[in-house]
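S.K.: generate coordinates for the sequence data below:
(one chain, ligands or ions: 1)
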Amino acid sequence: MLNNIKQPSNNFIFHLLRVLVLILLFQIAKSQDNIPTASSPKYKKGMVVCATPYAAQVGLDILKKGGNVIDAAVAVQFALQVTHPEAGNIGGGGLMVYRAANGTTKTLDFREKAPANSNANMYLDSTGKVIPDLSLNTRKASGVPGSVDGMATAHKKLGSLKWAELIQPAIDLARKGFKISKRLANDLNRTKSDFVKNNQQNAYLINENGWKEGDLLVQEDLAKTLELIRDKGRDGFYSGPVANLIVKEMKSGNGIITNADLENYHSVWRNAITGDYKKYHIITMPPPSSGGVALLQLLQSVKKYPLIKWGFNSDSTVQVMVEAERRVYADRSKYLGDPDFFKVPVDSLINPQYNQKRMENFDWNAATLSSAILPGIVAGYESDQTTHYSIVDGEGNAVSITTTLNDTFGSKVFVGGAGFLLNDEMDDFSIKPGVPNMYGLVGGKANSIEPGKRMLSSMTPTIVEKDGKLFMVVGTPGGSTIITSVFQTILNVIEFNFDMQQAVDAKKFHHQWLPDVVTIEKGALQENCKNILISKGYKLVEKGAIGRVDAILITNDGYYQGGADPRGDDTKLGW
Ligand code: GLY
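M.R.: So this is what the prediction gives:
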């Protein structure tokens, strides 16, 4: 019997050993690969990560009912209007990057537009000086809102459940009320004097005794507005009673939005811009976002440096990233604006050779002076308050959406009788090209005010693929820090092996060319690293919090791993 068994030849043993060695090498490579395996609990049917637990629950419920990622996004968007009034958002606008499970991509631009009666000098006095606060805390500060049209447009093309079903949860939250968090109570109390100053009536977000955690916030006027949107779609907002209330509110002050502006508002489908970083493919937002272009530039700029060897937030890593940021933000100030009005040289800007060349003139021994990089043209001011949500459904469709009112609570102007706040997005334009605005900053012609034009944004909703498959959905609020927060979160995962939550939690830093300072979150850098950077001439300034990233990672075994930012009330829910 034994004789019948063929003894392995030496050749066969050699091949067997070779295969075993190859398997071993593959396993080692895999263990060093930077896709973490799923943490518990394991979710594969869908995940929502957004700014409030209420909105996250609404989104998850829609996914569980069989809704797709766009259905969930619409429901989350309206639920954020109710539960996150600081930034959510029917009085504002936003940007969306979508990737279908089959790999096709789309972006939707529902950014606000300058009203027809706007002009380049509208925030200047008769001597040509900027009138303080006019582009921020007044009726004149608002661009024509885009969010309701954006949601209706996305739903029409890609949604599957009935529109009314998606709006109803927000109506219920507005009518029955919800318990506010400590953070929202503090934000509302801090803004009370602005609410009082800017509104004669219907100051529904004011509590004379001060808000506290757990108070019920009921918004009946908003519930009625949402019912009109539920029943009439975009027309429930852009014409009829709500539109008339917006125009009435404009006329009660110095506002310029007309019924025609509202009726004429339409969001725009645009092709995503893309780029490669090592084995990853980045799908992100084209202009009027500056964020997508800048993100691709930053990744190209640092690509050739051994960040993984230097380590997370080491002095060399920080120095290279800061020098890349300095150069990219200098470009941003000059070349970025609304592509429907200004020819933005996107291909040249995101070209890998261009960005690598830009890095050739930095000196390891001393910080580059920002004044030595394209002097005299500076980015426009952008505030920190915006919101982001990331959603993936069970099919593997993904959406990354960032929306904004600009400042916290926008212009602080309520639309009387309609129960929502208006944006102060006009301040994202260069309100006086070439001359410093009230923040000491100036901007270029690309982003000057023109009727019907969209103001430049830093919002950077982004989706990352690996090997042609969905890998990460990411974005954040944070004004000009949005771009650098998304940049760092991506690198935290793909260079430093953080899981999604660790990448979001990680302390961040930021440089935006001018002012020539490195803003750092407390605890972001070790003392030794700070001392080395200071000795090279970098000015470090500490800030409370940078970014509020909400992101989803697809693990190597196909599960959804969320990262909800602890800097806010952000929540991740999956099933
Ligand atoms: N308002 C902030 C931004 O759009 O970047």
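
S.K.: only C-alpha atoms for contact and neighbour calcs from this point on.
M.R.: Fine.

S.K.: surely Thr555 and Gly562 touch.
M.R.: No: Thr555 lies out of contact with Gly562 (C-alpha atoms under 8 Å); the separation is 10.3 Å.

S.K.: so which of the two has more stuff around it?
M.R.: Set Thr555 next to Gly562 and count neighbours by other C-alpha atoms under 10 Å: Gly562 wins out with 28 against 20.

S.K.: let's verify that one: helix, strand, or coil?
M.R.: Classification of Gly562 by DSSP: H, G, I helix; E, B strand; the rest coil places it in strand.

S.K.: can you give me the distance of it to Gln501?
M.R.: Counting by C-alpha to C-alpha, to the nearest Å, the gap from Gly562 to Gln501 is 6 Å.

S.K.: next: Asn244.
M.R.: 44 Å.

S.K.: residues contacting the residue lying closest to Lys543 once chain neighbours are set aside?
M.R.: The shortest distance from Lys543 to any non-neighbouring residue, by C-alpha to C-alpha, 6 or more residues apart in numbering, is to Glu521 (5.1 Å). By C-alpha atoms under 8 Å, 6 or more residues apart in numbering, Glu521 lies in contact with Lys507, Lys508, Phe509, Glu542, Lys543, Gly544, Ala545, Ile546.

S.K.: report the contact partners of the closest residue to Thr402 other than its chain neighbours.
M.R.: Distances taken as C-alpha to C-alpha, 6+ apart put His388 closest to Thr402, at 4.2 Å, once the chain neighbours are dropped. Neighbouring residues of His388 by C-alpha under 8 Å, 6+ apart: Cys50, Ala51, Ser400, Ile401, Thr402, Thr403, Pro461, Gly475, Thr476, Pro477, Val549, Asp550.

S.K.: neighbouring strands - and their directions - for the helix or strand hosting His388?
M.R.: His388 is part of strand 386-393, with elements assigned from DSSP states H and E. Its sheet considered, strand 386-393 pairs with strand 46-50 (antiparallel), strand 398-404 (antiparallel) by DSSP bridges.

S.K.: possible to save those as TSV with distance to the ligand, mean neighbour count and mean pLDDT?
M.R.: Shown next, in TSV, are these (distance: least, C-alpha to the nearest ligand atom, whole Å; neighbours: other C-alpha atoms under 10 Å; pLDDT from 0 to 100):
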stretch	distance to the ligand	mean neighbour count	mean pLDDT
strand 46-50	17	30	98
strand 398-404	6	29	98
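
S.K.: can you give me the buried ones in stretch 53-71?
M.R.: Residues of stretch 53-71 classed as buried: 53-60, 62-64, 67-71 (neighbour count, 16 or more other C-alpha atoms under 10 Å).

S.K.: contact partners of it?
M.R.: Contacts for stretch 53-71 (C-alpha under 8 Å, 6+ apart): 46-50, 72-73, 75-77, 79-80, 83, 154-155, 158-161, 166, 169, 391-394, 397-399, 569-575.

S.K.: where's Gly150 relative to Ile401, distance?
M.R.: 11 Å.

S.K.: name the residues contacting each of these two.
M.R.: When contacts are counted by C-alpha under 8 Å, 6+ apart, Gly150 and Ile401 have Gly94 as shared neighbours.

S.K.: pLDDT at Gly66, what is it?
M.R.: Note for Gly66: predicted pLDDT of 98.

S.K.: could you measure from it over to Ser160?
M.R.: To Ser160, Gly66 is 9 Å away according to C-alpha to C-alpha.

S.K.: same question for Gln319.
M.R.: 47 Å.

S.K.: more crowded one of the two?
M.R.: Neighbour count, other C-alpha under 10 Å: between Gln319 and Ser160, Gln319 has more, with 23 against 14.

S.K.: ok, now which ones touch that one?
M.R.: Leu533.

S.K.: sec struct for it, please.
M.R.: helix.

S.K.: state the distance from it to the ligand.
M.R.: 25 Å (C-alpha to the nearest ligand atom, to the nearest Å).

S.K.: ok, Val504 next?
M.R.: Separation of Val504 from the ligand (C-alpha to the nearest ligand atom) stands at 19 Å.

S.K.: then Pro477?
M.R.: Counting by C-alpha to the nearest ligand atom, the gap from Pro477 to the ligand is 8 Å.

S.K.: swap in Ile431?
M.R.: Applying C-alpha to the nearest ligand atom to Ile431 and the ligand gives a distance of 14 Å.

S.K.: kindly report the same for Ser289.
M.R.: 8 Å.

S.K.: do Pro339 as well
M.R.: Relative to the ligand, Pro339 is positioned 15 Å away (C-alpha to the nearest ligand atom).
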